[in-house]
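[1] With the input below, show me the fold.
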Amino acid sequence: MMADDLSRQANELAALSAMYGSAEGESFTVGEITSTGELACTLTVCDASLSVELPQGYPSAEPPRVSVSCPIMPTASREELAQELDQIAADGAASDREILFELLQAFQQRMAELPALQLKQQPSSSHDSEARSLPTSRAARLIWYHHIKSQEKRKNIVAWARDRKLRGFCKPGFPGVIAVEGEAAACAEYVGELRALRWQAMEVRWEATDLPTDAPLGLPEPFAELAESAMGEAAALCEKAGLLAAFRTAVLKLEKG
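    Numbers count the residues shown, from 1 in each chain. Next up, the predicted model:
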């Protein structure tokens, strides 16, 4: 193992240890693989876990080895997630860059989308009408992007939200921000569809689930695109919806108060 690789691995794992493991139902562990002496880490979210082994040539030449455990996820979906993570790992190795944060973010996001994913996997049955009669939960997300510039992506962001009757807005440019609110499964599907596009950086920085079904937060309806320079307007819309604190601290990374 090159000394530079070992140093980069240690620094990356130290940074991730400071970021993960403090949330309820979440743990992050770092250790060694006894047989090889290589480093490894595991992120556990409730009953699901992502284990990543770091070969001697990571990150300069070799991709990390990824393993997903999620008993409640359908096999086909689990295999799809594993392929997605393997591709992220391969892209990192090809460009000689640390990739663990992107792997953990992708895994977390898929776990957040799991209820909607499970719903799509369920066959229709005589219980469908009963399920449709139950109250529908609502959810909201605040999403940060390094940038949103592509005209095609901007059209899809608005169109896909409106197709699902979601409320909210997109502030394109540098950085890009999306605030979205609506029926929980539709909201999760929307975020999953956005994630399938290629982005330099995309992070769901704040989310809320099980919101009152009859009390929308008050984000714009229909979903709208703001100007690239409209960060102030975005903040005002979040303030109207009671999301200003989350917008400032989670999205803009500003201190409270």
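
[2] what about the closest residue in space to S137 that isn't next to it in sequence, neighbour count?
    What sits nearest to S137 in space, not counting adjacent residues and going by CB to CB, 6 or more residues apart in numbering, is A184, at 4.4 Å. Backbone N, C-alpha and C define where each C-beta goes, glycine included. Neighbour count of A184, defined by other CB atoms under 10 Å: 20.

[3] average pLDDT for the helix or strand that contains E189?
    Remark: E189 resides in helix 184-195, with elements defined by DSSP states H and E. Mean pLDDT, computed over helix 184-195, is 87.

[4] how near is the residue nearest to S137 to A139?
    4 Å (CB to CB, to the nearest Å).

[5] tally of neighbours for I157?
    I157 is flanked by 27 other residues according to other CB under 10 Å.

[6] P55 too?
    The burial count for P55: 19, using other CB under 10 Å.

[7] can I assume it is in contact with P64?
    Yes: assessed by CB atoms under 8 Å, P55 is found in contact with P64 at 7.0 Å.

[8] show me the contacts for the closest residue in space to G92 that isn't next to it in sequence.
    Take G92 and drop its neighbours on the chain: the residue closest to it by CB to CB, 6+ apart is I99, 2.9 Å away. By CB atoms under 8 Å, 6 or more residues apart in numbering, the contact set of I99 is 59, 63-64, 88-89, 91-93.

[9] can those go into TSV with extra columns for pLDDT, secondary structure and distance to A236?
    Output for these, formatted as TSV (pLDDT from 0 to 100; DSSP: H, G, I helix; E, B strand; the rest coil; distance: CB to CB, whole Å):
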residue	pLDDT	secondary structure	distance to A236
P59	91	coil	42
P63	93	coil	44
P64	93	coil	42
I88	91	helix	36
A89	91	helix	41
D91	89	helix	38
G92	86	helix	38
A93	85	helix	44
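
[10] Can you say which of those residues are buried?
    59, 63-64, 88-89, 92-93 (16 or more other CB atoms under 10 Å).

[11] for those residues, which one is nearest G37?
    The closest of those to G37 turns out to be P64 (CB to CB; 15.5 Å).

[12] Now do the shared contacts for A184 and A139.
    209-210.

[13] can you give me the strands for this protein?
    26-32, 39-45, 48-54, 65-69, 138-145, 167-171, 176-183, 202-211, 224-225 (DSSP state E).

[14] Which of those strands sits closest to T75?
    strand 65-69 (11.2 Å).

[15] From the contact counts, what lies against the closest one?
    Other helices and strands packing on strand 65-69, by 3 or more CB pairs under 8 Å, 6 or more residues apart in numbering; DSSP states H and E, are strand 48-54, helix 75-94.
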